[in-house]
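Asker: quick one: sequence plus predicted model below, questions after.
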Amino acid sequence: MKDESPTKQVREYVVRKYIEPGRRRRDVTVRIVAGEVHRELGLNNRFPTVCNALSARKFLEENRLVLEKREGPPKGMGARVTFTYRLLDKDAPASGEPAQPSLMSLRGIGKEIFESVGGGEAFIRREREHFYDADEDV
């Protein structure tokens, strides 16, 4: 682990010490204090490295996390900075947004309905034929 960058050390340590145990316990959220990580790794005045590593998009996406809250001093790079993450399911999108079906996943969604009325073209033709009839009833 000595040859790795401090950022990578922080990420791997946090995943091993906090994220994975939280998932095993089926926690919804995990809370991490930058100062604790800094002290446990024996880093020498590297609070910005810890804070940046724990808030990076790469870290969040790779570990299926949403950063719910970041609390601490105004500069946001000290020992008291606290990160609260929501642990996403393995199938949930990493951004935390609900999954949106792609356009291709909707292909064929009305196939059975249109078949029951004689096909899509026949349905549209009948609707067009009666379109102006509906206006006369008003």
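Answerer: Cool, the structure landed.

Asker: what about the strand or helix carrying Leu60, distance to the chain center?
Answerer: Secondary structure here is read from DSSP states H and E; on that basis Leu60 sits in helix 57-62. Using Cα atoms, centre = their mean, to the nearest Å, the mean C-alpha position of helix 57-62 is found 9 Å from that of the whole chain.

Asker: show me what that helix is packed against.
Answerer: Counting by 3 or more Cβ pairs under 8 Å, 6 or more residues apart in numbering; DSSP states H and E, the packing neighbours recorded for helix 57-62 are strand 65-71. (C-beta placed from N, C-alpha, C; glycine too.)

Asker: related to what we said a few turns ago, any residues touching the helix holding Leu60, and which ones?
Answerer: Among residues not part of helix 57-62, those counted as contacts by Cβ atoms under 8 Å, 6 or more residues apart in numbering are Arg11, Ala53, Leu65, Val66, Leu67, Tyr85, Ala94.

Asker: for those residues, which entry has the maximal number of neighbours?
Answerer: Most neighbours among those, by other Cβ atoms under 10 Å: Tyr85, with 26 neighbours.

Asker: got the domain boundaries for this protein?
Answerer: Listed by automatic domain parsing, the domain ranges of the chain are 6-87, 107-137.

Asker: pick the most deeply packed of these.
Answerer: Each of the domains of the chain was given a mean neighbour count from mean count of other Cβ atoms under 10 Å, and the largest, a mean of 16, is that of domain 6-87.

Asker: any idea of the mean pLDDT in that domain?
Answerer: Averaged across domain 6-87, pLDDT comes to 93.

Asker: now do the end-to-end distance for that domain.
Answerer: Start and end residues of domain 6-87 are separated by 24 Å (Cα to Cα, to the nearest Å).

Asker: and it, how far out from the chain's middle?
Answerer: 16 Å.

Asker: okay if I get the contacts of helix 57-62 as a markdown table plus distance to Glu4?
Answerer: Written out in a markdown table, the entries for the contacts of helix 57-62 read as follows (distance: Cβ to Cβ, whole Å):
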| residue | distance to Glu4 |
| --- | --- |
| Arg11 | 10 |
| Ala53 | 12 |
| Leu65 | 21 |
| Val66 | 26 |
| Leu67 | 23 |
| Tyr85 | 22 |
| Ala94 | 23 |
